[in-house]
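Colleague: can you look at this prediction? I've put the sequence above it.
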Amino acid sequence: MYFPSKVNFNHAVEVLHGANAILEMTKHNGNTAPLQPEGIPSPWICHYAKLIRSGGQVLDLACGSGRHARWLAANNWRVNAVDRDATALAGLQQLSNVSTKIADLENDIWPYADHRFDGIVVSRYLHRPLLPRLIESLNAGGVLIYETFMEGNERFGRPKNPDFLLRSNELLEVFFPHLTVIAYQQGEFQEPGPTVMQRICAVSERCNN
């Protein structure tokens with residue numbers, strides 16, 4: 001088990017590291033909930049979203065069909081949902097508390113250079129050049145909640161390209177110097193089939209200039 005020295009334990013959240021780690025937050029009414037049914041938001045994101053300022057601005061990066069944008073908006077956060085797929089975004093455009101943006105995050109200019117967010121959520125997406133942008137785009141006290149595939153997942157399915165697979169502890173190495181880590185997890189999980197994931201929740205405690 002790995003405990004970074006710069007972890008805020010005031011939230012009484014255990015930092016888990018290792019294969020098949022199971023968080024208490026995956027339980028519902030005493031039963032372990034399935035982690036990733038189609039269209040159901042990630043329990044990791046739902047659990048740590050409670051740290052985001054109530055009613056704050058949240059960026060759902062590479063949101064796809066918007067399973068997290070919908071959940072966040074329904075819980076009264078103001079959501080900026082961005083993806084390159086206009087068809088996927090179309091289903092979000094009529095929702096209150098959601099604004100959408102079509103952008104090719106890997107080839108276009110970063111579309112939020114003048115924005116700061118109280119929360120940023122990223123699920124099952126990796127484009128390494130954007131990682132520093134996420135740090136810059138958090139308000140003081142802003143919460144980053146990130147989860148995606150890591151090395152080892154190629155044994156079970158896509159993605160297999162190392163460009164889309166985190167290295168061991170990569171999220172810690174990127175965000176730990178700049179943000180306060182609240183929780184971290186990596187390993188093999190059942191979602192419902194086997195998958196190898198890395199997850200982090202971290203908070204910005206400095207003002208962005």
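Modeller: Right, received. Where do you want to start?
Colleague: tell me which residue is most central in this protein.
Modeller: The centre of the chain sits closest to Y146, judged by C-alpha atoms, centre = their mean, with a distance of 2.5 Å.
Colleague: so what's that residue closest to, chain neighbours aside?
Modeller: Leaving aside its chain neighbours, Y146 sits nearest to V122 (4.6 Å; criterion: C-beta to C-beta, 6 or more residues apart in numbering). No exception for glycine: its C-beta is placed from N, CA and C like everyone else's.
Colleague: and that neighbour, which of the three is it?
Modeller: For V122, the secondary structure call by DSSP: H, G, I helix; E, B strand; the rest coil comes out as strand.
Colleague: which residues does it contact?
Modeller: 61-62, 134, 144-148 (C-beta atoms under 8 Å, 6 or more residues apart in numbering).
Colleague: mind checking which of those residues land in helices?
Modeller: L134 (DSSP state H).
Colleague: ok, the contacts of V122 vs N80, which is closest?
Modeller: Among the contacts of V122, L61 lies closest to N80 (C-beta to C-beta), at 9.0 Å.
Colleague: could you check how far the closest residue to that closest one other than its chain neighbours is from R155?
Modeller: Using C-beta to C-beta, 6+ apart and skipping residues adjacent in sequence, the residue nearest L61 is V122, 4.7 Å away. With the distance defined as C-beta to C-beta, to the nearest Å, V122 ends up 23 Å from R155.
Colleague: can you check G66 too?
Modeller: 30 Å.
Colleague: mind checking which of those two has more residues around it?
Modeller: Each of G66 and R155 has its neighbours counted (other C-beta atoms under 10 Å); G66 has more, 25 against 11.
Colleague: identify the residues contacting that one.
Modeller: G66 touches 60, 81, 88-89, 91-92, 98, counting by C-beta under 8 Å, 6+ apart.
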